[in-house]
Structures are given as structure tokens and as C-alpha cells.
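Visitor: Need coordinates for the following:
(2 chains)
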Amino acid sequence: MSEAATETGAGAASGKIGLLKVLGPVHVWALGVGIVLVGEFMGWNFSVGKGGAYGSLIACWVIGLLYTCVAMIDSEVTSTVAAAGGQYTQAKHIIGPLMAFNVGLYLVMAYTMLEAGDALVVGDLLKAVAAEHGHQNLDTQPFVVLTIAVLAWLNYRGVFMTLTVNFVITAVAFVALVVLFFGVSPWSPGEVLLHGELLTDLPYGWIGVIAALQFGMWYYLGIEGTCQAAEEVRSAGRSIPLGTMSGMITLLIAASITWYVAAGLMPWEYLGQAMTPMYDAARLTGSGVLQVLLFVGTIFSAIASANGCINDASRAWFSMGRDHYVPTWFGAVHPRYRTPYRAILFLIPIAVVFAFKAPLDQVITFSILSGLLGYTFMAINIVKFRRRWPLGSIHRGYVHPLHPVPAIVLLVLCGATYFATYLGYGSTLLSVMAFYIVASLWFVAHRYKYVRRGDQFTMNWPRPRDE
Amino acid sequence: MAAGRSERPPSLEARMDVWETLTTAAWAVAILLFGWMLLDAWQVGKRFDEDFLLSSREGED
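Guide: This is a model prediction of the structure:
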């Protein structure tokens, strides 16, 4: 143990080691917005293909409401349950082991699949650059693997540098969107932006608007990942609500800018199937500077998203290992870098397999559905949380207003989005449900016996009202 | 003569070589990073007690 003490300093003095508490609200913002912002550069526009430009705008606002409820609920619970694992830890404390196992698995699958999708985007962007320079059919595999390797290495070496880098590249990507907005002279309608000519009625009626909800999630998918940082922030009660809510405001601004610029430059028939709509928008302005800036923004947003996903998936897997939900071997902390290094390492080959062996649209849909299952859980969770530990019974860093309205709104909007997903990806929806049912059966049959229910309840709370 | 050559755009073959070099370099760096992480993890496992590495507890600083 003397070697441990030498290498890890104060942390090892007690013979124990844990994750480092070094993060502030800026890092929490960088984690949440970093994961999401790639959805503003690509993906959201498929909602235009389903519901037209106005349908996409309605989806943007309706799903914005869904995520505002998520952010409020998450901020309250996480400001109280300040531990790695985020919603998994919340489920463990408030509902029970089977729900906790499922929520943990949703998180790991959602983030690892999103990471694979982001790395594929980086590869595809480089392939497009190579093609423009005369090199056709660039093999993207080494660049996808390199993206995952560099980001995993960064995560392995320490959370402070990882999320500081994420802050810088996410800020550059966000500024790129703002510069594009001012570059198209929004104060002079008809000069560059042609909303008057391009905006049409709803092409597929209101059913198209419902179908657009699934892709409307791209505007915000992943903001709930902020709470994975709860064990590594200096003050969870302050940093998590501040970082999450400011992140949500950033995303609402970014989503509105994105829609306004793209819908004023491209007809909905084109916009609805474009792979890189914001880069295309920059090209249409004819400005070389904007073109370069939006290319950089697109690639930075994909890298920031993959980086945040590695951070979040590894924290969820680490927490599950620490509580015996998966082998405890994964619950190890690196003595020097103070990161969940085995969880980070374990998830690398899984991300690579997702990137190379599964179709991108299926991977992303699986990721979105896993996220959606997590949001459904949050609505149930907050109702139970407030019932078992009413206001005043425990200290809360943040109390969200109008309870239970956000929970009810969240549940209704989740139901509408399941229906939207069923319209477009019915078989994937059923496959995802089947996967989690089989995983639950495995947990009950093989892992539940290892779970120590008494030990895993770590919060210093009074006995719940209903026990 | 040399100055005249430098003004010509690089040939298609030269540009293809750059991307092929980048492809090889990407594989090499990725393998190097994975190798470094695996080696480091193995060394940590050898140098430290497993109980110490697994001593993190939720809710404790």
C-alpha cells in the first residue's frame, strides 16, 4: 500500500481511492452540450423529411419541452443523489435493482452507440474531404478507430482535461452556428434567407408532424448526460443544475438558429434528406470562410459528442460494477489518473464493433430508443421520489417548479415519441424492447444474487414515507 | 528548374500518397494508443492491490 500512497497522494492515505472532484459548471455544460450539439449539425433535418419545415419546427419546440422537463427533473434528483451513474444511481435509490439495471444498460447502450455513430461521421467527413482533393473511396475505418482511440485515451488520462477539451471544441462548434446565423443577414428577410418562398404547408398533415418527433430528439438527445459528472464536480448541488439548465438554454438557442437558417436556404424536399445540412447551408451562402467554419464546427461537434459519450458510458458501467450489477472488476479506479479505466477500456471494442458491424440508422435508432426508455423512467422516478421524500425531508440543491406537471408532460410526450418511432422504425422498436426484456431476465437469473441491497443505498436520507 | 517544378500543382499520385500515408498513420497511432492503455492497465494491476483499486465507494470523498 505504500506504493499506492506515493502515487495517489491524499486519496490513498485512508487506503481508499475514488474519482477526482475537479469539475465545475463549465465542464458540466461542456459534457451535456458537447454530446448533443452534433444533432444540430446533422440528423435533426430528417424531421423536415417527415413533417416539412413547419413540422420540424413544431417537433423542435415539442421535444424541447420534453427535454426541459428532463433537465428540470434530472437537476433536482441529481443535486440530491450526487454520484456517478446518473439516472442509474437515481433508480437504485428510488425504485429498485431491476429498474436500476435496466436504466444502467439504457445509458451504456445509448452512449456507446452514439459514440460509434459520431466516429462514423468523422470518418465520412474525412472521406468527403479526400474526395474533394481527388482521392476517391478513402477507407474510413482507420479514422473511425483513431477517433475512438484518441478520445478513449483522453478519457483514460483524466476527466479534467477531457472535459476542458470538450468545452473548447463545443464552444467553437456553437460559435460556428452563431456566426452562420449573423452571416445570412437575418435582419434583412429576402436578401439571403428566403422563408417567404421556401416555407410550405404541412406536406403530410399532422401525422407527419407526429412522425417528425422522433428526429426532433436530435436537437437535444444527450443533455441528461450531465448528471454522470455528479461524483466528479466540486459542488454537485450548484454545478449540476447550473450546467444542465444553461446547457438546455444553449441548445434551445442553437436549435432555433439551426432551423431558421436551414429552412430559409433550402427547400424542404432537399433539407429532409441532406447528410450535412449546416455545411450545405454555408456552401449556399457562397462564403468560403463560413464553409470552412461550418466544416470545422461539424467535425468538432461529432468529436465532442463521442468524447462525452465515452465519459458517460464508462461512468454508468463503472457504477454498475461497483454495485455488483456487472462484475466488480469494472469498478476499479486508476490510482494515478483517478478515472474508471477498466470501464473505459472495456467499452472501446464494443464501440468499434457497433461502428463497423451495424447500420448507422439502426445504431442511432437503438440509441434514441434507449434514451427514450430512460426518460420514461425519469417521469415515474420523480413522482416516487417526491412521494417517498417530500420537500423539506431531505436537502435538495434544486427544486423544480410545478410538480407533478413536468412529470405528466414528460410521460405524455414520451408516449407520442414512441408512437412516432413505431411509424418509422417499428421493427427496431420491438427489437429494442425484446433486447431489454432478455437482459432483464438474465439479470434476475444470474446477477441479482450478487447485489447487496443494503450496501448500495449510500445516501444519508431518513426512512422513506411508504416503508 | 527547381522553382519551376514547385509552381506546378502536386500530381494525382502524390495526393493519393498523402491520403494513403494518413491512413497508415491513423492505424499506427490508434494501435499505439490502445497498446499504451492496455500496457498501463496491466502494470497498474500488477503494482496495486485489487482491493485498493476497487475501494471506491459511492458518497465517499
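Visitor: can we go C-alpha only for contacts and neighbour counts from here?
Guide: Fine.
Visitor: Below-threshold pLDDT in chain B: ranges please.
Guide: Confidence mapping of chain B against pLDDT under 70 gives the ranges B:1-16, B:61.
Visitor: Which residue does the stretch 201-350 of chain A have closest to chain B?
Guide: A:Ala332 (4.5 Å; C-alpha to the nearest C-alpha).
Visitor: Identify the residues contacting that residue.
Guide: A:318, A:322, A:340-342, B:53-56 (C-alpha atoms under 8 Å, 6 or more residues apart in numbering or on different chains).
Visitor: And it, how far from A:Arg315?
Guide: 11 Å (C-alpha to C-alpha, to the nearest Å).
Visitor: Can you name the residue of the stretch 101-250 of chain A nearest to chain B?
Guide: Counting by C-alpha to the nearest C-alpha, the stretch 101-250 of chain A gets nearest to chain B through A:Leu146 (4.8 Å).
Visitor: What is the neighbour count of that residue?
Guide: The local packing of A:Leu146 (other C-alpha atoms under 10 Å in any protein chain shown) involves 24 other residues.
Visitor: repeat for the one 4 residues further on
Guide: By other C-alpha under 10 Å, the residues close to A:Val150 number 16.
Visitor: picking up where we left off before, which residues are in contact with each of A:Ala332 and A:Arg315?
Guide: A:Pro340.
Visitor: and chain B, which residues reach chain A?
Guide: Proximity of chain B to chain A (C-alpha under 8 Å from any C-alpha of the partner chain) is limited to residues B:12, B:15-16, B:19, B:23-24, B:26-27, B:29-30, B:33-34, B:37-38, B:41, B:44, B:47-49, B:52-61.
Visitor: Please repeat the previous calculation with a cut-off of 7 Å.
Guide: B:12, B:16, B:23, B:26-27, B:30, B:33-34, B:48, B:52-56, B:58-59, B:61 (C-alpha under 7 Å from any C-alpha of the partner chain).
Visitor: next one: phi and psi at the closest residue to chain B within the stretch 351-467 of chain A?
Guide: Distances between the stretch 351-467 of chain A and chain B by C-alpha to the nearest C-alpha are smallest at A:Thr458, namely 6.1 Å. With angles defined as degrees, to the nearest 10, A:Thr458 sits at phi -110, psi -10.
Visitor: what's the average pLDDT for the longest helix along chain A?
Guide: Secondary structure of chain A per DSSP state H: the longest helix is helix A:405-442. Computed over helix A:405-442, the mean pLDDT rounds to 93.
Visitor: buried ones in that helix?
Guide: Using 16 or more other C-alpha atoms under 10 Å in any protein chain shown as the test for burial, helix A:405-442 gives A:406-407, A:410-411, A:413-414, A:416-423, A:425, A:428-429, A:432-433, A:436, A:440.
Visitor: Now stretch A:449-457: buried residues?
Guide: For stretch A:449-457, by 16+ other C-alpha under 10 Å, it's A:456-457.
Visitor: what's in contact with that stretch?
Guide: Stretch A:449-457 is contacted from outside by A:93, A:323-325, using C-alpha atoms under 7 Å, 6 or more residues apart in numbering or on different chains.
Visitor: Now the terminal residues of that stretch, how far apart.
Guide: Criterion C-alpha to C-alpha; first-to-last residue distance in stretch A:449-457 is 16 Å.
Visitor: Let me see the mean pLDDT of it.
Guide: Taken as a whole, stretch A:449-457 carries a mean pLDDT of 84.
Visitor: Same check on stretch A:126-142?
Guide: 90.
Visitor: Okay, now that stretch: how far is its last residue from its first?
Guide: Start-to-end, stretch A:126-142 (C-alpha to C-alpha) is 11 Å.
Visitor: does chain B sit close to that stretch?
Guide: Yes: Stretch A:126-142 lies within reach of chain B by C-alpha under 7 Å from any C-alpha, at A:134-135, A:142.
Visitor: Next to chain B, which bits of chain A? Give me the list.
Guide: Residues of chain A lying near chain B (C-alpha under 7 Å from any C-alpha): A:4, A:15-18, A:83, A:134-135, A:142-143, A:145-146, A:149, A:153, A:331-335, A:458-459.
Visitor: Show the buried residues in the residues you listed.
Guide: By 16+ other C-alpha under 10 Å, the residues of chain A next to chain B give A:4, A:15-18, A:83, A:135, A:142-143, A:145-146, A:149, A:153, A:331-335 as buried.
Visitor: The residue of the stretch 351-467 of chain A closest to chain B contacts B:Glu60, doesn't it?
Guide: No: using C-alpha atoms under 7 Å, A:Thr458 makes no contact with B:Glu60, being 8.9 Å away.
Visitor: about what we covered before: just the ones in helices from the residues of chain B next to chain A, please.
Guide: B:12, B:16, B:23, B:26-27, B:30, B:33-34, B:52-53.
Visitor: most neighbours, which of the residues you listed?
Guide: B:Leu53 (23 neighbours).
Visitor: what's the nearest residue to that one if we skip its chain neighbours?
Guide: Using C-alpha to C-alpha, 6 or more residues apart in numbering or on different chains and skipping the chain neighbours, the partner closest in space to B:Leu53 is A:Ala332 (5.0 Å).
Visitor: what are the phi and psi angles of that neighbour?
Guide: phi -80, psi 150.
Visitor: re the thing from before, would you mind listing the two of the contacts of stretch A:449-457 that lie farthest apart?
Guide: A:His93 and A:His324 (14.8 Å; C-alpha to C-alpha).
Visitor: Next one, pLDDT for the residue of the stretch 201-350 of chain A closest to chain B please.
Guide: Value listed for A:Ala332 in the pLDDT field: 97.
Visitor: What residues does A:Glu232 make contact with?
Guide: Neighbours of A:Glu232 in contact, by C-alpha under 7 Å, 6+ apart: A:19-23.
Visitor: Pull the contacting residues for the nearest residue to it once chain neighbours are set aside.
Guide: Nearest non-adjacent residue to A:Glu232, counting by C-alpha to C-alpha, 6+ apart: A:Lys21, 4.1 Å away. By C-alpha under 7 Å, 6+ apart, A:Lys21 lies in contact with A:231-234.
Visitor: how about a markdown table for the residues you listed, with distance to A:Ala445 added?
Guide: As requested, these are exported to a markdown table (distance: C-alpha to C-alpha, whole Å):
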| residue | distance to A:Ala445 |
| --- | --- |
| A:Glu231 | 31 |
| A:Glu232 | 33 |
| A:Val233 | 36 |
| A:Arg234 | 39 |
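Visitor: Those residues in strands, which ones?
Guide: Among those, none falls in strands (DSSP state E).
Visitor: Out of the contacts of stretch A:449-457, list just those in helices.
Guide: Filtering the contacts of stretch A:449-457 for helices - DSSP H - leaves A:His93.
Visitor: Which of the contacts of stretch A:449-457 scores worst on pLDDT?
Guide: A:His93 (89).
Visitor: From A:Cys227, how far off is the nearest residue to that one once chain neighbours are set aside?
Guide: Using C-alpha to C-alpha, 6+ apart and skipping the chain neighbours, the partner closest in space to A:His93 is A:Phe457 (6.0 Å). In this view, A:Phe457 and A:Cys227 are 18 Å apart by C-alpha to C-alpha.
Visitor: what's the spacing between stretch A:409-424 and its chain's center?
Guide: Averaging C-alpha positions (C-alpha atoms, centre = their mean, to the nearest Å) puts stretch A:409-424 18 Å from its chain's average.
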